[in-house]
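In: sharing a sequence plus its predicted fold:
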Amino acid sequence: MPIITAIDTQKQTSNRYNIYIDNVFAFGISENTLIAYRLHKGMDISDTLKNEIITHNSVQKIYSKALNYLSYSLRSEHEVREKLLSDDTLDPHVIELVITQLKEENYINDMTYATTFVQSALALTKKSKFVIEKALQKKGIEQHLIDIALEQIDDATEYTLALEVAQKYQAKQHHLSYKNLVQKIKLHLVQKGFSFSIAEHVISELDIEQDEYKEWNTLCYQGNRLWQKYRLTYEGNRLKEKMIGALYQKGFNYDVIKRYINEKLSQQNFSEEINE
C-alpha cells in the first residue's frame, strides 16, 4: 500500500501543501482538504482514496472561486456556471459538483434571485414587467420562477410605473406640438416595454392640454428655426413646400401652418398667399 512519506508547506502559499507518496511528489492540496481527510505522514493511501482527495481538492478550489464571485452580488445559477466555465483550466464536471453544493447550501437560489431582482428593478430602475421578464430570461432563470417573481407586479403597479416614466420623459420635452408630444410619450412607453393600452391610459391622465396659444407659440419657435435653415437654400413656392412638409411632420395642424407661413411671407414682403 502506498504511504504518505512527507507533507510540505508550499513556498508561495502557506495554506497549501505538497503531498509526497513513497518519497515522490504526488499532488498539491489546500489546508481544508488536508484537514478534511486528516492526512499525515505515514498514512496509507490507496489509489481510490488518492483520486477522491484530488477531486475534493478540485471542488474546494472551484468552490472558493465561486464564493468569491458570489460575495459581490446575488447571482443566478446560470451566471455562476458561465463565470466558472469561462476559466478553461477548470473541469466542467467538477464545476457541476460545486454548483450542486452551492445550491444545497442556498448560496445559489434562483427563486430568491428572481424575487430580489424584481424588487430592485421596481425600486431603482422603474422597468416594465416585460423588460424585467426579458432580463431574467437572459440571466437563465426558468420561466416558472420568473412567473412567480413577476406576481409582485400587478396591473396597478405596472400603471404607476408607466405614469412615472411618462412624467419624467414629458418633463424633458420642450417646444413640441401637442400631437408630436403625445406620439413621443406613447412611443417611449412602448419602447420601455409597457403595453399600448397602458400607454393610452397614461396619456389620458397626463397633464397635456391642447392649448391653442401654446400650440401657436411652439409652432412659431419650430417654424422660425426651420425658416432660417431653408431660406438659405430655397425661395418662393419651394420654400413654402419645404416649410409646410417639415412643420406637418412635427405634428402641427395644416391651417395653423398656413397662417404662420402667410404671416412670415408678409413680413418678408412676399405677395403670394397659400391657396385654400
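Out: Received it, and whenever you're ready, just let me know what you need. Residues are numbered from 1 along each chain as shown.

In: with only the CA atoms kept, save the helix-or-strand element of the chain with minimal mean pLDDT in CSV.
Out: Of all helical and strand segments in the chain, the minimum by mean pLDDT, DSSP states H and E falls on helix 254-267, at a mean of 83. C-alpha atoms of helix 254-267 as CSV (Å, rounded to 0.1, in the frame of the first residue of the first chain):
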residue,chain,number,x,y,z
TYR,A,254,-52.2,72.5,-41.6
ASP,A,255,-54.4,75.5,-41.1
VAL,A,256,-52.1,76.8,-38.3
ILE,A,257,-49.1,76.1,-40.5
LYS,A,258,-50.7,78.1,-43.3
ARG,A,259,-51.4,81.0,-41.0
TYR,A,260,-47.8,81.0,-39.8
ILE,A,261,-46.3,80.9,-43.3
ASN,A,262,-48.6,83.6,-44.6
GLU,A,263,-47.5,85.9,-41.8
LYS,A,264,-43.9,85.0,-42.4
LEU,A,265,-44.2,85.8,-46.1
SER,A,266,-46.0,89.0,-45.3
GLN,A,267,-43.1,90.0,-43.0
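
In: can you give me the helices for the protein?
Out: With helices called from DSSP state H, the chain shows them at 31-36, 47-70, 77-85, 92-104, 110-120, 129-138, 143-149, 155-171, 178-191, 196-205, 212-230, 236-249, 254-267.

In: Asn23: which of the ones you listed is closest?
Out: The minimum distance between Asn23 and these falls on helix 47-70, with 15.4 Å, by Cβ to Cβ. (Glycine included, C-beta is placed from N, CA and C.)

In: follow-up on the earlier one: mean neighbour count added to the helices of the chain, as JSON lines?
Out: Below are the helices of the chain laid out as JSON lines (neighbours: other Cβ atoms under 10 Å):
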{"stretch": "helix 31-36", "mean neighbour count": "16"}
{"stretch": "helix 47-70", "mean neighbour count": "16"}
{"stretch": "helix 77-85", "mean neighbour count": "17"}
{"stretch": "helix 92-104", "mean neighbour count": "16"}
{"stretch": "helix 110-120", "mean neighbour count": "18"}
{"stretch": "helix 129-138", "mean neighbour count": "17"}
{"stretch": "helix 143-149", "mean neighbour count": "15"}
{"stretch": "helix 155-171", "mean neighbour count": "16"}
{"stretch": "helix 178-191", "mean neighbour count": "17"}
{"stretch": "helix 196-205", "mean neighbour count": "14"}
{"stretch": "helix 212-230", "mean neighbour count": "15"}
{"stretch": "helix 236-249", "mean neighbour count": "15"}
{"stretch": "helix 254-267", "mean neighbour count": "15"}
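
In: between the ones you listed, which one is closest to Thr9.
Out: Judged by Cβ to Cβ, the one of the helices of the chain that comes nearest to Thr9 is helix 31-36, at 9.4 Å.

In: distance from the least confident helix or strand of the chain to the middle of the chain?
Out: Relative to its chain's centre, helix 254-267 lies at 47 Å (Cα atoms, centre = their mean, to the nearest Å).

In: stretch 92-108 too?
Out: Computed by Cα atoms, centre = their mean, the separation of stretch 92-108 from the middle of its chain amounts to 26 Å.

In: got the contact list for it?
Out: Contacting residues not belonging to stretch 92-108 are listed as 55, 58-59, 62-63, 66-67, 70, 75-77, 80-81, 84-85, 109, 112 [Cβ atoms under 8 Å, 6 or more residues apart in numbering].

In: let me see the contact set for Ile62.
Out: 84, 90-91, 94-95, 98.

In: tell me what the nearest residue to Ile7 once chain neighbours are set aside is bridged to.
Out: Among residues not flanking Ile7 along the chain, Tyr17 sits closest, at 5.4 Å (Cβ to Cβ, 6 or more residues apart in numbering). Tyr17 forms beta bridges with Thr9, Ile29, as assigned by DSSP bridges.
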